[in-house]
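J.: With the sequence up front, the predicted model follows.
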Amino acid sequence: MSQVVFRIAKIKSTAHLKIAEEEQKRLRRFAPHADPIRSPQNIWIRSPREDDIVKELHARIGPQHVRKNAVLAVEVIISASPEYFRPDAPDESGTWDADRLADWRQEMEPWIAQRFPHAASIVLHLDESTPHYQILDTPLDDNGKLNCRGKYGGVAKLSRWQTDAANAVARLGIERGIMKSQAEHVTLREFYGRIKRQTPKLPPRPRPLPKPTIAEQLPLGEPARKRAAAEQAYAAAVAARQAAIAERNAVLEAKAAAFDLAESQRKSALDAAVQAQKRAEIAERRQTEAEQDREQAKAAAKAQADRLRAIDPATVLLDLYSAQLEPDSRFEHASQKWITATGQKIGVTGALWVDQSSGRGGKSAIDLVMRLDNTDFKGAVQILASRFDHGEITRDLVARAELKAASIVRSALDAPPEPAPAPEPRHWPRVRTWLTNVRRMPTELIDRLHSLGSVYAGAFANAVFPRVDGGAFLRGTGESPFKRTLGGKNGGPMVLLGSGAVWLCEGPLDGLAIKSRVPDAHVLALGGGLLKASEVGRWMPKGREIVLAFDTDEAGRRYEAEALAAYPAARVARPPLLGRDWGDCPADPADDLTPISDPDLEQEMRR
């Protein structure tokens with residue numbers, strides 16, 4: 001029986017929307033379930049204007065107020081069970097009957113056009129296990145308001161959507177699932193995983209043999225010989241089916257592990273993209289606030305200068321320069337003659353003034369102070385403000401505000417992760433010799449990590465240990481010690497994957513030594529004081545024991561105390577060689593040392 005598939009996922013941020021767009025366009029690694037060879041077969045039913053889904057969706061939302069936690073878009077997946085598309089071979093992933101696909105499209109696309117008039121984009125994906133539509137819908141109600149709950153909210157509304165979708169293709173024999181069924185609901189990601197991991201075909205179950213006849217039970221004769229051969233063939237068929245079942249289970253487990261790894265990487269990339277978007281939004285907001293502050297400061301400084309400029313020149317002469325009227329001049333005269341304490345003669349007519357010694361004049365109090373004090377505009381404003389206006393809005397304040405704004409923007413914007421150096425294979429023998437002979441790391445471990453790209457040689461024969469999100473830890477292989485870290489905090493730790501406990505250590509050589517002693521350890525090298533233990537949670541598998549393996553020097557004790565504050569249940573492990581760092585203690589066939597815990601010291605650190 002073929003059933004309709006209708007699934008939705010809510011999108012609440014521009015970062016998630018951008019990732020959904022790139023998954024829909026097959027631009028990035030967020031679609032591990034897609035076959036890139038078949039991606040050109042995908043069919044766009046509705047493309048966004050300017051080929052920008054994010055811009056298209058925001059244009060459809062328009063200028064209306066959007067709540068902070070509002071649903072900006074809804075991702076909709078519409079499909080049918082594989083039995084419809086390939087009734088003769090439902091397990092053959094990535095195949096379909098062309099006529100059935102055409103019939104399904106003929107019924108489905110008019111329904112989609114009617115039900116999703118505000119969709120920013122609609123695409124039919126044919127590069128996965130089963131054909132399906134992916135729709136990025138703008139959840140607008142009849143009044144054009146953003147209202148996801150009104151369109152999709154609640155079990156009843158989703159049930160009606162599923163019923164409606166099933167009715168659209170009912171004539172094709174595609175049915176709705178059982179209403180109010182206790183069947184497990186799967187998310188979009190789980191749906192992708194399940195259609196990717198179809199069950200391989202098994203040989204038919206062998207038909208049991210009938211009870212032996214009397215002739216077949218006799219020890220001699222042709223019937224007994226044929227019976228023995230049939231029983232032998234039946235036993236071989238049963239064994240072959242059991243072997244096929246075991247092989248199928250192994251294939252399924254391998255596919256599940258591969259998908260889980262791809263999903264984990266996708267989620268890590270998604271989290272990184274969301275965090276980057278949040279940082280960009282914070283930086284943009286702070287930049288906007290800084291620009292507003294700067295504009296306000298400029299406006300206030302202009303208003304201040306306008307107020308000071310409008311002060312009566314006669315008042316300035318009296319209060320600042322102890323000027324007196326000349327004997328033949330009076331206050332009531334339209335034009336007055338003033339003489340300052342230093343003997344300068346200034347004529348004043350309303351707002352105009354003139355220096356009678358040079359014949360030069362001006363039309364503001366600021367110009368007058370610039371003349372008499374032989375200063376610039378900034379100095380004149382400061383002099384006038386100190387006497388007539390005690391506000392701090394001056395041009396130098398504006399300059400300081402601009403510098404402050406620039407500093408805020410610089411501190412808010414994290415620099416993008418610095419890329420790790422390119423590998424230089426011709427230097428690898430030297431780096432390998434240094435790691436195995438000088439640092440005494442196990443050759444098998446080094447070769448395996450090198451094959452995985454976890455360590456390689458750089459252009460200057462340095463050992464390069466890439467960090468998970470960009471940058472790298474470098475270690476020199478010459479006689480002089482050399483250490484360098486490429487990238488800031490946003491490059492993350494160096495990660496050595498493992499299925500066991502999570503070990504936190506300082507440097508990459510510490511991580512190698514731990515990995516040599518505890519092969520299943522999931523090691524995170526934090527780069528000394530670059531990253532705190534509390535900052536690397538997203539690279540730590542959930543539910544595992546945490547082991548703190550820092551050095552025993554003062555810095556290591558400080559890192560350990562910070563980590564215990566973040567992870568109180570963590571176990572503390574000490575380097576097995578007294579007074580040495582973890583990087584000096586790789587596994588050695590000549591000793592039987594293993595990582596040890598120091599309960600007394602651990603208890604002391606917790607206190």
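T.: Received it, and whenever you're ready, just let me know what you need. Remember, it's a predicted structure, so these values are computed and weren't measured experimentally. Numbering: from 1, shown residues only.
J.: make it CA atoms for all contacts and neighbour counts henceforth
T.: Fine.
J.: And this protein, what are its domain boundaries?
T.: Following automatic domain parsing, one gets these domains for the chain: 2-196, 307-412, 425-606.
J.: now the strands for the stretch 51-200 of the chain?
T.: Secondary structure of the stretch 51-200 of the chain by DSSP state E, counting those that start in this stretch: the strands cover 73-80, 119-125, 132-137, 174-175.
J.: which outside residues touch the third one?
T.: Judged by Cα atoms under 8 Å, 6 or more residues apart in numbering, the contacts made with strand 132-137 from elsewhere in the structure are 24, 73-80, 116, 118-126.
J.: can you rerun that using 6 Å?
T.: 73-79, 119-125 (Cα atoms under 6 Å, 6 or more residues apart in numbering).
J.: Name only those of the residues you listed that count as buried.
T.: 73-79, 119-125 (16 or more other Cα atoms under 10 Å).
J.: Now render the domains of the chain as a markdown table, adding distance to Ala224 and mean pLDDT.
T.: Formatted as a markdown table, these follow (distance: least, Cα to Cα, whole Å; pLDDT from 0 to 100):
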| stretch | distance to Ala224 | mean pLDDT |
| --- | --- | --- |
| domain 2-196 | 40 | 84 |
| domain 307-412 | 88 | 76 |
| domain 425-606 | 56 | 87 |
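J.: Quickly compare those and say which is most buried.
T.: Highest mean neighbour count of the domains of the chain: domain 425-606, a mean of 18 (counted as mean count of other Cα atoms under 10 Å).
J.: middle-most residue in the chain, spatially?
T.: Centroid check for the chain by Cα atoms, centre = their mean gives Ala272 as the closest residue, at 1.6 Å.
J.: I'd guess that residue is in a helix, am I close?
T.: Yes: counting by DSSP: H, G, I helix; E, B strand; the rest coil, Ala272 is located in a helix.
J.: Any figure for the gap between it and Leu101?
T.: 38 Å (Cα to Cα, to the nearest Å).
J.: Quick one: the helices in the stretch 401-550 of the chain, in order.
T.: Assigned by DSSP state H, counting those that start in this stretch, the helices in the stretch 401-550 of the chain fall at 428-433, 443-451, 508-517.
J.: looking at these, which is closest to Ile53?
T.: For Ile53, the closest of the helices of the stretch 401-550 of the chain is helix 443-451, at 39.3 Å, according to Cα to Cα.
J.: My read is that Lys483 contacts Arg475, right?
T.: Yes: using Cα atoms under 6 Å, Lys483 is in contact with Arg475, at 4.9 Å.
J.: need the contact list for the nearest residue to Gly361 once chain neighbours are set aside.
T.: Excluding the flanking residues, the one nearest Gly361 by Cα to Cα, 6 or more residues apart in numbering is Val354, at 3.8 Å. Val354 is in contact with 346-347, 360-361, counting by Cα under 6 Å, 6+ apart.
J.: hang on, the earlier thing: please identify which of the contacts of strand 132-137 is nearest to Arg574.
T.: Nearest to Arg574 out of the contacts of strand 132-137 is Glu75 (Cα to Cα; 49.8 Å).
J.: Quick check: Glu291 vs Ala299, distance?
T.: For Glu291, the distance to Ala299 - Cα to Cα - is 12 Å.
J.: how far away is Pro576 from Glu554?
T.: Using Cα to Cα, Pro576 is found at 18 Å from Glu554.
J.: With Ala243 instead?
T.: For Ala243, the distance to Glu554 (Cα to Cα) stands at 59 Å.
J.: CA atoms only: put stretch 519-530 into PDB for me.
T.: What follows is stretch 519-530, C-alpha atoms only, in PDB (Å, rounded to 0.1, in the frame of the first residue of the first chain):
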ATOM      1  CA  PRO A 519      43.000   4.300  21.600                       C
ATOM      2  CA  ASP A 520      39.200   4.800  21.900                       C
ATOM      3  CA  ALA A 521      39.500   8.300  23.600                       C
ATOM      4  CA  HIS A 522      37.700  11.200  22.000                       C
ATOM      5  CA  VAL A 523      40.500  13.800  22.500                       C
ATOM      6  CA  LEU A 524      40.100  17.600  22.400                       C
ATOM      7  CA  ALA A 525      43.300  19.700  22.500                       C
ATOM      8  CA  LEU A 526      42.400  23.200  23.600                       C
ATOM      9  CA  GLY A 527      45.600  25.000  22.800                       C
ATOM     10  CA  GLY A 528      46.700  25.800  26.300                       C
ATOM     11  CA  GLY A 529      44.800  28.900  27.500                       C
ATOM     12  CA  LEU A 530      43.300  29.600  24.000                       C
END
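J.: from the chain's centre, how far out does it sit?
T.: 21 Å (Cα atoms, centre = their mean, to the nearest Å).
J.: hmm, back to that, kindly present the buried ones among the contacts of strand 132-137 as a markdown table, with separate columns for distance to Pro223.
T.: Output for the buried ones among the contacts of strand 132-137, formatted as a markdown table (distance: Cα to Cα, whole Å):
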| residue | distance to Pro223 |
| --- | --- |
| Ala73 | 73 |
| Val74 | 70 |
| Glu75 | 67 |
| Val76 | 64 |
| Ile77 | 61 |
| Ile78 | 59 |
| Ser79 | 55 |
| Ala119 | 73 |
| Ala120 | 74 |
| Ser121 | 71 |
| Ile122 | 67 |
| Val123 | 65 |
| Leu124 | 61 |
| His125 | 59 |
